[in-house]
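Student: Predicted model and sequence follow; I will ask about them next.
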Amino acid sequence: MDSMPTVDPCLSQYPGSPERPGAAAVLAAALLGLVVAGCERTIPLQSAEYYVFGTRVEVQVRDTEETTAQRAFERLGRDFSRMHDEWHPWNPGALATINRELPDGGWVRATPDIIKLLEASQEMEERSGGRFNAGLGALVRLWGFHTSTYPITTPPPEDEAIGAIMARRPSARDVSIDGEQIRSSNRAVRLDFSGIAKGLAVSQACDRLSEFRITDAMVNAGGDVMVCGPTDQPWQVGIRDPSGGVIGAVEVSQPVALFTSGNYQRFGEWEGERYAHIIDPFSGRPVDSVMQATVIHSDPLVADAAATALVVAGDELWDSVAASMGVDQALVIDEEGTIRTTEAAAYLLDGGQ
C-alpha cells in the first residue's frame, strides 16, 4: 500500500505536477465516472490509494489524526487484498474454485462474503426482472471479458456457442444456499460478481473506517463513490459526461453511494464493429442502447447492481426497472447522447443544488 500525501479537499487545489497530476484528479479525469472533492472550507485531508478490482481505489478521510489514519489505511490495504483475491472472477481464488466445482452439482463451501454477494445478487436479479444477473460468468468469459486489458481485439464468439449457454438460461437464482454451502441446479451457472462487488467493497471499507472512529470519509473505487458518514462539510461529486467534462454535480453530506455503469470504457472491437462489455441476460449479447447509467442510493450494493441493470434495460425500460429496484435517483445517457433522469434526480442537471 502506498499512502498519498495530505491534500486539500477542493478538486481545483489537489496537488500535482505536469508529469503526475494529483491522485484525486487522476481518478476523476482518467478513470470511468465521477469527480470528487469537498470545497470551500479547508479541512485536513489524508488519502491512500490501492489497486484492486482492476482499478484504483482511493480512500480519503478528514479530521483524523495522522497515526489513526495510517493504521486505518494499513488495515484497509489488507482488506482490499483479501477481497481482490477472494472475489476475483477469473484469477485463482475462492470464487474461481467455486465456479470450477459448481458444474458437478454438489455442495461447495463459500466464504461469508461470497454468500453476501450471492444473496444480494439474487435479490437484485429478482428486483430488476432479470436484467442484473451474476450467474452469467460463462457468457462473460465466452465474450473475452475476463480480462483487464481493453479493448479486446479477438473475434466475437460464434452464435452456436452463445446459443448453447443461453439454452440453459443460467441465473444466480439457480444457486441454493445452506449456511456456508452453495450448489447450483443449473450446470451452466458460473458466478461473476463484477457488477456488485465494488458495492460490497466500499460498504465494508466504510465499516472498517468506523472501527477507527472515522466517519468523515469518501471511498472512490474507480469512479464509483461512497460517502461514509455524516459531515458538516459536504463532498461534491460530479457526474462525468462520456464525451468529456461533467454533466452535473451533487453535494453529499450523508452516507450515500453514487455508482456509474457504462459501455464506452471496456469494450471489444472486431472488423470495425465495437461491442460493450455488459451482457444482456436475455440475448447473451452486449447491450447497445444506453451508453451510461448513474444511480444514487443509500445502499452501495443496490447502486452498483442497479447501474448495470439500467444499462441493460435500455432507453425504453430503464425508468420502470429503476422503480422496481427501489431507485428514485438515476440518470441515463443513450447512444445519441440524450440525457434522461428520474424526477427525483432532475436536480443533477442544475448543478446538484
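Tutor: Yep, it's here. Numbers count the residues shown, from 1 in each chain.

Student: what are the ranges of the helices in the stretch 251-353 of the chain?
Tutor: 300-324 (DSSP state H, counting those that start in this stretch).

Student: just for it, where's the confidence low?
Tutor: Scanning the stretch 251-353 of the chain for pLDDT under 70 picks out the ranges 264-272, 274, 351-353.

Student: For stretch 122-142, could you pull out the residues that count as buried?
Tutor: For stretch 122-142, burial by neighbour count (16 or more other C-beta atoms under 10 Å) applies to 122-125, 127-142. The way it works is simple: take the backbone N, C-alpha and C, and place the C-beta from them, glycine included.

Student: ok, which stretches of the stretch 51-200 of the chain are helices?
Tutor: Assigned by DSSP H, counting those that start in this stretch, the stretch 51-200 of the chain shows helices spanning 66-87, 94-101, 112-127, 137-142, 159-166, 197-211.

Student: Serialize those to a markdown table and add fields for mean pLDDT and distance to Asp319.
Tutor: Formatted as a markdown table, those follow (pLDDT from 0 to 100; distance: least, C-beta to C-beta, whole Å):
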| stretch | mean pLDDT | distance to Asp319 |
| --- | --- | --- |
| helix 66-87 | 97 | 31 |
| helix 94-101 | 97 | 33 |
| helix 112-127 | 98 | 14 |
| helix 137-142 | 95 | 26 |
| helix 159-166 | 97 | 27 |
| helix 197-211 | 98 | 21 |
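
Student: Quick one: closest of those helices to Gly284.
Tutor: Gly284 sits nearest to helix 159-166 of all those, at 4.3 Å, using C-beta to C-beta.

Student: got the CA coordinates for that closest one in CSV?
Tutor: Output in CSV follows, covering the C-alpha atoms of helix 159-166 (Å, rounded to 0.1, in the frame of the first residue of the first chain):
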residue,chain,number,x,y,z
ASP,A,159,-23.7,-17.9,-32.5
GLU,A,160,-23.7,-21.6,-31.7
ALA,A,161,-21.5,-21.1,-28.6
ILE,A,162,-23.7,-18.3,-27.3
GLY,A,163,-26.8,-20.3,-28.0
ALA,A,164,-25.5,-23.4,-26.1
ILE,A,165,-25.2,-21.3,-22.9
MET,A,166,-28.4,-19.4,-23.4
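
Student: contact partners of that helix?
Tutor: Ala138, Leu139, Leu142, Ala188, Ser283, Gly284, Arg285 (C-beta atoms under 8 Å, 6 or more residues apart in numbering).

Student: just stretch 79-88 next, same as before
Tutor: 50, 52-53, 57, 91, 93-96, 111, 113-114, 117, 193, 197, 200-201, 204-205, 208.

Student: List the buried residues in it.
Tutor: Buried residues in stretch 79-88, counted by 16+ other C-beta under 10 Å: Asp79, Phe80, Met83, His84, Glu86, Trp87, His88.

Student: Likewise for stretch 166-174?
Tutor: Across stretch 166-174, burial judged by 16+ other C-beta under 10 Å covers Met166, Arg169, Pro170, Ser171, Ala172, Arg173, Asp174.

Student: Leaving out chain neighbours, which residue sits closest to the fourth one?
Tutor: In space, and not counting its chain neighbours, Ser171 is closest to Gly135: 4.8 Å by C-beta to C-beta, 6 or more residues apart in numbering.
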